[in-house]
Structures are given as structure tokens and as C-alpha cells.
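1. below is the sequence, then the predicted model.
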Amino acid sequence: MTERPDTAPGCPLHEAPFPLYKYAEHGEAERVWETLRERFGQVAPVELEPGLPVWLLLGYEENLEVMRDWGGFSRDTRRWCDVRDGKRSPGDDLPIGMGHSSSALYADGAEHARLIAPVADALARLSDARLRADTTRAADRLIDDFCAQGDADLMADFCTLIPAMVLNRLFGLDDHFGYALGDLTAAMWSHDGDRSAEAAARMRDYFAGLVRHKRAVPGEDLTSWMLGHGQRPTDAETADQLVTMAAAAHLPTANLLGNVLRELLADDALASDYAGGGLLLGEVVDHVVWTAPPVQVLPARFATRPAVVGGTRVAEGEPLAFGLAAAHADPRLRRGDRDEAAVPSGHNRAHLIWGAGEHRCPARAVAERIVEIGVERLRARLPGLRLALPAEELWWAPSLFYRGPAALPVEFEPSAPLPAPEPPAPERAAEGAGPEPAPEPPSDALLVRVLRWWQGSGRRARRKG
């Protein structure tokens, strides 16, 4: 293979890549990992969509090697050979992770360090008490919407909304905007192109308006802390960072929560071990991350020089995608009997979902707490929670990149919503000072536009207040 495979005849990446996208429609992508491994080894040429070939990393060690070597494998999409040679633009309609913005996700080295510092430092200021309180309030508000019915689809009514609700609270806005953010982030990844494009535009409005609002009215929230950071990020950089944070946190966290609930509801032995104290909830989560990872495929890194990965020659500029589900099923991680893992999955946190090296996820703790508290609140609030159909009739959502239930229908004993909380007692004002004025609702035109879009969509018309 030459250093310019895009022009060289006979290059495996461009000659006959495996059409991986064809297996996403019915949630069947996981069926092909071993077929690809047997045919190509630990690195396979695949198409993410027609005409978009990448090297898919199938082996655990190969994924880890590329994650850690940011000098040899860049996250900057502008180093992609197709962009370099003018065949594509980072602004094209590309799969997740293949575009470009001024966020830390698409930078390396010193620029990445500059951009990630406001994000990491803002997240570090979050106390566990704050995170637990915000997550509990968001979970209870969502459960209040359906607890009296005796049935629900936990994916649509809970799992896909709670990450957005919690993030929105941490960003510094009220729950109206949380519902809107949950709906538009879900719509962004729909198969309806027009709906997805509209949601993406509203997402940009949401974060541009949020940054402008918090620049004018700062508070004790992630957005204000990022804007006030010593690195002095621009408004555009901060908005891009927040878009990336919301997009990266939403579906992976929603699907992880859905996958954990699915396993607890469908696997009696696992549920019994957890209920009896034999497994901690964090161990259940780790087990599910290994056996049903919420992210299957994650693009992309771009080789900064010719390299050999897993015995495969990769040319400078070629894209590589992380095959996280395939890596977690790598036979080399097992010993003796094929079904016996070298380290039991519930006691092994070396999974790759949160990344490794320079680009490891800074919000891992937030995502894990959302999942754990979400499970706890559902179990506490919904007596007799059970699947509404046999486990074998559950199906996976059609996605090449993510892995989660398309729906999670459940039944339970109806219960009353929680009483509305009492307003907090006003704190004693300092001597000579008047009472602190109530915070004003955001009036930024872009935020108002997002809220009107959500209210006009009718998708959450039943939600009140």
C-alpha cells in the first residue's frame, strides 16, 4: 500500500471496503464483528456510508494504541486526506465525529490543552451533592409525568430525556429548556434528514443564546464557569464546546441507562445479585459497558504519517474509526473457555467507552452518576417495575454508531406524583441590604426561538409547568 492510497490502484481501503452501514438498519451491526475479524484481522476496511471508507479498529489493543498516540493519530479532521486533497469539506454533511468545530474534540496538543481546560475545570467544580440533587430532581420530574399511568416506554419517557435535563440544569437554565434540549438532541440523530437538519439549527441557536445570556447574567453553572476561565475562551469556542458536550453526553448516556435497565429487567440472575447486594450498581454498569456498550463505532482519528496498526499499513491522512463493541468482544481478552473472561466484566473498569489518553472523556463521572441515580429513582418510585413484553421481543434502535433499545415498554403499580416542593425560605439578607431579586428568565432571542420551536412541535404537549 502506498502513502497516497486515495490515488493508488489496489488499495484495500478504497478497493473493496465492507459496507458496514447496511447492517445498521435493523440494529444488526454487532453480528459482523467476528466476520470482519476472521476476514481482515484486527483492522478492517469498511464504509460508514456509501463512498466513505475508514479503517475500523476491531482489536482491544489496536483501539487503545490509537487512542493513546495523539502524535501519530490526530483528531483534527483537517488532516483527513479527503479534506487535504479537496474531495471533502469539514462543513459537509458528515457522520458524527467526521466534521469540525472549534472545540477540544477536534484539536490536539497545545490547542487541545487550551480548549479542554475550561471544560475540565468547570466540571471539577461540580460537587457530588450538586450533581445528585440536580439528577434526582430531573429524574423525579420525568417520573411524575407517567407514574400514575401504570405503564411507560422508559426509553422515550425517561432515558433519552434525563441526560439533557441534567445537563441543562448544570448549564444554568430551567427545565423548559431541558425538555427542548432533550427533544432536539434526539431529533438530530433521527433518520429524517429534514427533521435532523432543523434540530441541528435549533441546537446551534440554543447554545449561542445560552452563551450570550450567561455572558450577560453569569451564575453558578458550567457555562458561566467556562466563560470566566483564565484561558479566556471566545463565545464561539464556548458554544462549540457546549454543543460537543451535549452531543457526546446525550445518546451514549441515554443508551447506557437503557441498556442497564434492560439487563436488570430481563436477566433475573443479574437483578437478584444486585437486589441482594452481591453486585453494586457501579459493577452492574461496568458489566453492561462490556457486554452491551452504548457506543459501537466512533469516528475518527487521522494518521499523521504512514503507520502499521495491527499488521495493517495505514497511509498518512487515512481515517480510523474506533470499533468499541468489537474491541470489548476481542477474543484475546478471554482465557481458556471462550465464555470465560480474563477479568469478570463487573469488576473490570478498563473498558474503552470513555476513551483513553489525551481525548478521554472529562465528563465520565457525570454520565455514570446520571445512570446510577436514574436507576435508583425508578426502582424507588415505581413498585413492581417489569417488562411489558418478553425480553426476546425487545429490539435495538437502528444505528451504526450507538447501541440501545429502540423502546423499553414497562408496567408497574400506578402511584401518585410527588408533591410540589415548597419554595426555599429566603436567606437572611446582609445588614442594610434589600432582598436578593429573583433571577430573570432568559430573554435572549435565540433561546426564545428554541423554546417556541419546542412548544410548537407538540411532541411534549402533555408536560405542564
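-> All right, it came through fine. Numbers count the residues shown, from 1 in each chain.

2. isn't residue 410 up against residue 386?
-> Yes. Counting by C-beta atoms under 8 Å, residue 410 does reach residue 386; the two are 6.4 Å apart. Using the backbone N, CA and C atoms, a C-beta is placed for each residue, glycine as well.

3. give me the common contacts of the two.
-> Common neighbours of residue 410 and residue 386, counting by C-beta atoms under 8 Å, 6 or more residues apart in numbering, are residue 265.

4. the two: which is more packed in?
-> residue 410 (24 against 9; other C-beta atoms under 10 Å).

5. who are the contact partners of residue 305?
-> 72, 316.

6. how about it, secondary structure?
-> Secondary structure for residue 305, judged by DSSP: H, G, I helix; E, B strand; the rest coil, is coil.

7. how much space separates it from residue 77?
-> Applying C-beta to C-beta, to the nearest Å, the value for residue 305 to residue 77 is 17 Å.

8. surely residue 401 touches residue 294?
-> No. Counting by C-beta under 8 Å, no contact exists between residue 401 and residue 294, whose distance comes to 10.0 Å.

9. the more surrounded of those two?
-> Legend: neighbour count by other C-beta under 10 Å for residue 401 and residue 294, higher for residue 294 (24 against 20).

10. for that one, give me its contacts.
-> Residue 294 makes contact with 251-256, 258-259, 353, 402-404 under the criterion C-beta under 8 Å, 6+ apart.

11. ok, and the closest non-adjacent residue to it?
-> Distances taken as C-beta to C-beta, 6 or more residues apart in numbering place residue 255 nearest to residue 294, at 3.6 Å, with adjacent residues excluded.

12. what does residue 356 give?
-> residue 67 (4.3 Å).

13. so that neighbour is in which element?
-> Element membership for residue 67 (DSSP states H and E) is helix 60-68.

14. any weak-confidence spans in the stretch 201-350 of the chain?
-> 335-347 (pLDDT under 70).

15. now the strands for it?
-> Applying DSSP state E, counting those that start in this stretch to the stretch 201-350 of the chain gives strands spanning 297-303, 307-309, 312-314, 319-323.

16. how about the secondary structure of residue 112?
-> Under three-state DSSP, residue 112 falls in the helix class.

17. residue 223 versus that one, what's the distance?
-> Taking C-beta to C-beta, one finds residue 112 at 21 Å from residue 223.

18. compare the two (neighbour count), which wins?
-> For the pair residue 112 and residue 223, the greater number of neighbours falls to residue 223 (24 against 19), based on other C-beta under 10 Å.

19. surely that one is in contact with residue 214?
-> Yes. Under the criterion of C-beta under 8 Å, residue 223 makes contact with residue 214 at 4.3 Å.

20. any common contacting residues for those two?
-> The contact lists of residue 223 and residue 214 share residue 172, where a contact means C-beta under 8 Å, 6+ apart.

21. and the strands of the stretch 201-350 of the chain as a markdown table, adding distance to residue 58 and mean neighbour count?
-> Output for the strands of the stretch 201-350 of the chain, formatted as a markdown table (distance: least, C-beta to C-beta, whole Å; neighbours: other C-beta atoms under 10 Å):
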| stretch | distance to residue 58 | mean neighbour count |
| --- | --- | --- |
| strand 297-303 | 11 | 25 |
| strand 307-309 | 11 | 16 |
| strand 312-314 | 10 | 21 |
| strand 319-323 | 5 | 26 |
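
22. redo the ones you listed as a markdown table? Include distance to residue 231.
-> Converted to a markdown table, the strands of the stretch 201-350 of the chain look like this (distance: least, C-beta to C-beta, whole Å):
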| stretch | distance to residue 231 |
| --- | --- |
| strand 297-303 | 25 |
| strand 307-309 | 32 |
| strand 312-314 | 33 |
| strand 319-323 | 28 |
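
23. quick revisit: could you give the average pLDDT over the helix holding residue 67?
-> What helix 60-68 shows for mean pLDDT is 96.

24. list the buried residues for that helix?
-> Of the residues in helix 60-68, those scored as buried under the neighbour-count criterion (16 or more other C-beta atoms under 10 Å) are 60, 62-68.

25. may I see the buried residues of the longest helix seen in the chain?
-> The longest helix of the chain (DSSP state H) is helix 235-266. Residues 237-265 are the ones in helix 235-266 that count as buried (16+ other C-beta under 10 Å).

26. between it and strand 297-303, how big is the angle?
-> 140 degrees (axes from the mean of the first three to the mean of the last three C-alpha atoms, to 10 degrees).

27. from here on, call the first residue 739.
-> Shifting the count to begin at 739 puts that one at helix 973-1004.

28. can you give the distance of helix 973-1004 from its chain's centre?
-> Chain-centre distance of helix 973-1004: 3 Å, with C-alpha atoms, centre = their mean, to the nearest Å.

29. how close does the residue nearest to residue 1032 get to residue 1035?
-> Distance, residue 993 to residue 1035, by C-beta to C-beta: 13 Å.

30. for the closest residue to residue 957 other than its chain neighbours, give me its contacts.
-> By the measure of C-beta to C-beta, 6+ apart, the closest residue to residue 957 outside its immediate chain neighbours is residue 910, 5.0 Å from it. Counting by C-beta under 8 Å, 6+ apart, residue 910 makes contact with 948, 952, 957-962.

31. now for the nearest residue to residue 1188 once chain neighbours are set aside, how many residues are close by?
-> In this structure, residue 1188 finds its nearest non-sequential neighbour in residue 944, 4.7 Å apart by C-beta to C-beta, 6+ apart. Other residues lying near residue 944 total 30 when counted by other C-beta under 10 Å.

32. can you tell me which residues contact residue 944?
-> Applying C-beta under 8 Å, 6+ apart to residue 944 gives the contacts 915, 918-919, 922, 1184-1185, 1188.

33. swap in 7 Å and give it another go.
-> Contact analysis of residue 944 by C-beta atoms under 7 Å, 6 or more residues apart in numbering lists 919, 1185, 1188.

34. ditto for residue 977
-> Each residue near residue 977 by C-beta under 7 Å, 6+ apart is listed here: 945-946, 949.

35. most neighbours among the residues you listed, which one?
-> residue 949 (27 neighbours).

36. that one against residue 975, yeah?
-> No. Using C-beta atoms under 7 Å, residue 949 is not in contact with residue 975, being 9.5 Å away.

37. rewinding a little: which members of the buried residues of helix 798-806 are the farthest-apart pair?
-> 798 and 806 (12.6 Å; C-beta to C-beta).

38. contacts only, for residue 774.
-> Residues in contact with residue 774 (C-beta under 7 Å, 6+ apart) are 756, 782, 794, 796.

39. quick revisit: just checking, what packs against the helix holding residue 805?
-> Applying 3 or more C-beta pairs under 7 Å, 6 or more residues apart in numbering; DSSP states H and E, we find helix 798-806 packed against strand 1045-1047, strand 1057-1061, helix 1062-1066.
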